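Visitor: Sharing a sequence plus its predicted fold:
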Amino acid sequence: MANRTRIRLLIAILLVVGALVAFVWALSRRSQTEQVAVVQLPPVATSSAVPAVAEPSLAVPSPVPSVEPTVELTTPSPVTESTPQTAATPEASPAAPDVSATSLLIPVEGVRASDLRDTFQASRSEGRVHDAIDIPAPRGTPVLAATDGRIVKLFQSVPGGITLYQLATDNRTILYYAHLERYADGLKDGQQARRGETIAYVGDTGNATPGNYHLHFQVYRITDPKHFWDGENLNPYGLLR
């Protein structure tokens, strides 16, 4: 009788334990199901503002056909201006001819080449060298333009007296006329003078001895026409002879 009671009690305990285990298992399954439902993310909507990335084209470009150079066995044609010839030396543009004895006129009317004296290296006051020639002539003798060129400056100075500067057509030779009595009527800066044209008259102005009428005639080369007062002196005697 006691054994049956124990067996029934044991079975009741087992049933209770089984029921508890089943209940706990059911709760566990429900909890897992709810957790999965909670952490599940909603689908992300595609924004129309984000441009779609185009996939790179995998098309292979067609091969460039090779061009074989054509070998000409005939004489090549002359090189055109659009294709410079590297072996050729470029030709410089022709410069204006220098002023020489063939283009210079004795700048005092009536004076011959045999009348000239070389005073280029003659000494002057204050240890100076003349750097010019003096051409004696009576007062008022016409002074002639020795070559074609522009009158760049009419100027009066203490040593030179009444003077003028003429730029020859080569744009680098200056002719300087000094100790003038006066200029030709109407002469002005910038005027173009022709070879042989009267531009002034012989005098004794400046530091010339009174009554020593002559033309101080100077020739020199310049590097800049704007600096017409300075340059490399040339001997006019050799140019006029």
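Guide: Arrived safely. Bear in mind that the values here come from a model prediction, so they are computed numbers and not experimental data. Numbers count the residues shown, from 1 in each chain.
Visitor: What are the buried residues along stretch 133-151?
Guide: Residues 133-135, 137, 141-151 are the ones in stretch 133-151 that count as buried (16 or more other Cβ atoms under 10 Å). Backbone N, C-alpha and C define where each C-beta goes, glycine included.
Visitor: Domain map for the chain?
Guide: Domains of the chain are assigned by automatic domain parsing as 1-31, 113-240.
Visitor: Would you mind finding the most buried of those?
Guide: domain 113-240 (a mean of 17; mean count of other Cβ atoms under 10 Å).
Visitor: Now do that one: distance from first to last residue.
Guide: This stretch, domain 113-240, spans 7 Å end to end (Cα to Cα, to the nearest Å).
Visitor: low-scoring stretches of this structure, by residue?
Guide: 1-2, 29-102, 123-127, 130 (pLDDT under 70).
Visitor: how about the helices in it?
Guide: Secondary structure of the chain by DSSP state H: the helices cover 2-39, 236-240.
Visitor: Mind giving me the packing neighbours of the biggest strand by length in the chain?
Guide: Longest strand of the chain, by residue count under DSSP state E: strand 173-183. If you count contacts as 3 or more Cβ pairs under 8 Å, 6 or more residues apart in numbering; DSSP states H and E, strand 173-183 packs onto strand 149-157, strand 161-168, strand 198-202, strand 214-221.
Visitor: To D118, which of those lies closest?
Guide: D118 lies closest to strand 214-221 among the helices and strands packed on strand 173-183, at 12.1 Å (Cβ to Cβ).
Visitor: re the thing from before, any chance of the helices of the chain in JSON lines, plus distance to Q218?
Guide: Formatted as JSON lines, these follow (distance: least, Cβ to Cβ, whole Å):
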{"stretch": "helix 2-39", "distance to Q218": "110"}
{"stretch": "helix 236-240", "distance to Q218": "7"}
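Visitor: Among those, which comes closest to R182?
Guide: helix 236-240 (22.3 Å).
Visitor: Name the surrounding residues that touch that closest one.
Guide: Residues from elsewhere that reach helix 236-240 (Cβ atoms under 8 Å, 6 or more residues apart in numbering): 99-101, 104, 106, 113, 116-120, 132-133, 217-219.
Visitor: Looking at these, which are in strands?
Guide: Those of the contacts of helix 236-240 lying in strands (DSSP E): 133, 217-219.
Visitor: Could I get those in JSON lines, plus columns for distance to T209?
Guide: Output for those, formatted as JSON lines (distance: Cβ to Cβ, whole Å):
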{"residue": "I133", "distance to T209": "17"}
{"residue": "F217", "distance to T209": "17"}
{"residue": "Q218", "distance to T209": "19"}
{"residue": "V219", "distance to T209": "24"}
